[in-house]
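Peer 1: Provide a 3D model corresponding to the input given below.
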Amino acid sequence: MARLLVVIFGLMGVGKSTVAQVLAAAKGWPVIASDVVRKDLAGLAPTTRAHFEFGQGIYNEGFSRKTYAEMLRRAGELLEGGASRVILDASFKSAAERARVRELAREKEARTAFVFCSCPQEVVRERLQKRADNGSAISDGRLELLDLQTKDFEPLTGADKPLLRLDTGQNMEKVLQDLNEFLDGLSVR
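Peer 2: Got it, this is the predicted structure:
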């Protein structure tokens, strides 16, 4: 069985982490989440709120590069340790970060599968509001940062494939069905 890096990415509030966790639970695959890795590198508990202005503090460009590098290091270790599938959960808003995943996959003789999560804006806004009221939330994504992240998100390219554009506004059963059909289709090739 070919090794696979499943990249679950998109804007804040679209349900990336939920999709990653549901897929991990269904398949038994490990998840490496940027929210957890970032706070680990900062010496913070996962549920500690780290409210910074957009692109500041542990969300500045340098710390973000460090976070993504650590995610890829951990993914590489898992693949070398025998894992055949690893899920990466992060915004991957930069084309360069997505390219680094493809590079790691080549180095580890693995494939990539990109899953771009999106849903209607009103759903995103509702989710971000619920997150603000949830003291145990890990993500620091907030409604007031959404427009800034949207403007900062680099467009998908032809290199970001195979690609599934996943509508996470559907019920989770349908989301998982769409995701499984996409992933099953990859193993046919």
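Peer 1: need the residues that contact the longest strand along the chain.
Peer 2: Counting residues, the longest strand found in the chain (DSSP state E) is strand 110-118. The contact list for strand 110-118 (CB atoms under 8 Å, 6 or more residues apart in numbering) reads 2-11, 14-16, 19, 79, 98, 101-102, 104-105, 156, 160-168, 179, 182-183, 186. Every C-beta, even on glycine, is put in place using the N, C-alpha and C of the backbone.
Peer 1: just the ones in strands from these, please.
Peer 2: Taking DSSP E as the definition of strands, the contacts of strand 110-118 contribute R3, L4, L5, V6, V7, I8, F9, L163, L164, R165, L166, D167.
Peer 1: and the longest strand of the chain, what's its mean pLDDT?
Peer 2: In this model, strand 110-118 has a mean pLDDT of 96.
Peer 1: could you do stretch 178-189 as well?
Peer 2: 82.
Peer 1: how about it: buried residues?
Peer 2: By neighbour count with 16 or more other CB atoms under 10 Å, stretch 178-189 contains the buried residues D178, L179, F182, L183.
Peer 1: ok now that stretch, how far from the chain's centre?
Peer 2: With CA atoms, centre = their mean, to the nearest Å as the basis, stretch 178-189 stands 18 Å off its chain's centre.
Peer 1: re the thing from before, in helices, which of the buried residues of stretch 178-189 appear?
Peer 2: D178, L179, F182, L183 (DSSP state H).
Peer 1: touching, the third one and L164? I think so.
Peer 2: Yes - taking contacts as CB atoms under 8 Å, F182 lies within contact range of L164: 4.1 Å.
Peer 1: in this structure, what helix or strand scores lowest on average pLDDT?
Peer 2: Ranked by mean pLDDT, DSSP states H and E, the weakest helix or strand in the chain is helix 143-152, scoring a mean of 80.
Peer 1: show me which of the contacts of strand 110-118 are buried.
Peer 2: Counted by 16+ other CB under 10 Å, those give 3-11, 14-16, 19, 79, 98, 101-102, 104-105, 156, 160, 163-164, 166-168, 179, 182-183 as buried.
Peer 1: which residues of the protein score low on pLDDT?
Peer 2: By pLDDT under 70, the weakly predicted segments of the chain are 1, 51-56, 135-136, 140, 142, 187-189.
Peer 1: make it 90
Peer 2: Counting by pLDDT under 90, the chain has low-confidence residues at 1-2, 12-13, 42-61, 121, 124-150, 152, 186-189.
Peer 1: circling back to that earlier point, just put the ones in helices among the buried residues of stretch 178-189 in JSON lines and tack on distance to I32.
Peer 2: Listed next are those as JSON lines, based on distance: CB to CB, whole Å:
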{"residue": "D178", "distance to I32": "22"}
{"residue": "L179", "distance to I32": "17"}
{"residue": "F182", "distance to I32": "20"}
{"residue": "L183", "distance to I32": "17"}
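Peer 1: and which of those residues is nearest to G57?
Peer 2: When these are ranked by distance to G57 (CB to CB), L179 comes first, at 32.6 Å.
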